[in-house]
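Participant: sequence? don't have it. structure:
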Ligand SMILES: [Zn+2]
């Protein structure tokens with residue numbers, strides 16, 4: 001499943017990448033029509049909070065309208081509307097550019113990782129697009145804990 005988040009939902013889009021979903025974020029200034037056409041051309045679900053987008057032809061096959069406000073409520077709403085599995089492939093994609101991560105073994109990569117992380121035997125990954133490095137630090141651990149929480153909750157958010 002491939003996704004496209006409109007500009008209001010960039011934070012949610014980064015979480016979708018963290019869960020492993022191929023997620024493109026809208027660049028500022030794209031028109032509604034361009035957004036829908038891109039989603040259709042690339043076979044992506046367009047995720048939005050903008051009800052206007054539902055008025056386009058064939059919107060129901062392309063657009064997922066979210067009613068929730070907070071990132072967490074949107075995450076739970078997406079579980080219901082698209083059966084998103086928040087533990088699909090955690091940390092297999094770059095949060096910044098959406099490219100897939102590969103195991104980093106080269107000396108010049110490992111030299112950029114803190115010694116104490118390497119001493120713990122943590123695995124290091126490199127983005128195949130922007131070359132950013134990822135490893136199991138406290139930030140990744142906190143994000144994973146949140147993904148695990150979202151994957152477990154089955155009720156719709158109370159605000160909806
Ligand atoms: Zn990247």
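Facilitator: Nice, thanks for sending it over. Keep in mind it's a predicted model, so treat the numbers as computed, not measured.
Participant: can I assume residue 151 is in contact with residue 90?
Facilitator: No. Residue 151 lies out of contact with residue 90 (CB atoms under 8 Å); the separation is 9.5 Å. Backbone N, C-alpha and C define where each C-beta goes, glycine included.
Participant: what's the lowest-mean-pLDDT helix or strand in the chain in contact with?
Facilitator: For the chain, using mean pLDDT, DSSP states H and E, the weakest element among its helices and strands is helix 115-119, scoring a mean of 88. Contacting residues not belonging to helix 115-119 are listed as 110, 124, 135, 136, 137 [CB atoms under 8 Å, 6 or more residues apart in numbering].
Participant: 6 Å instead?
Facilitator: residue 135 (CB atoms under 6 Å, 6 or more residues apart in numbering).
Participant: tell me which residues in the lengthiest helix in the chain are buried?
Facilitator: Counting residues, the longest helix in the chain under DSSP state H turns out to be helix 138-152. Neighbour-count burial for helix 138-152, counted by 16 or more other CB atoms under 10 Å, picks out 140, 143, 144, 147, 150, 151.
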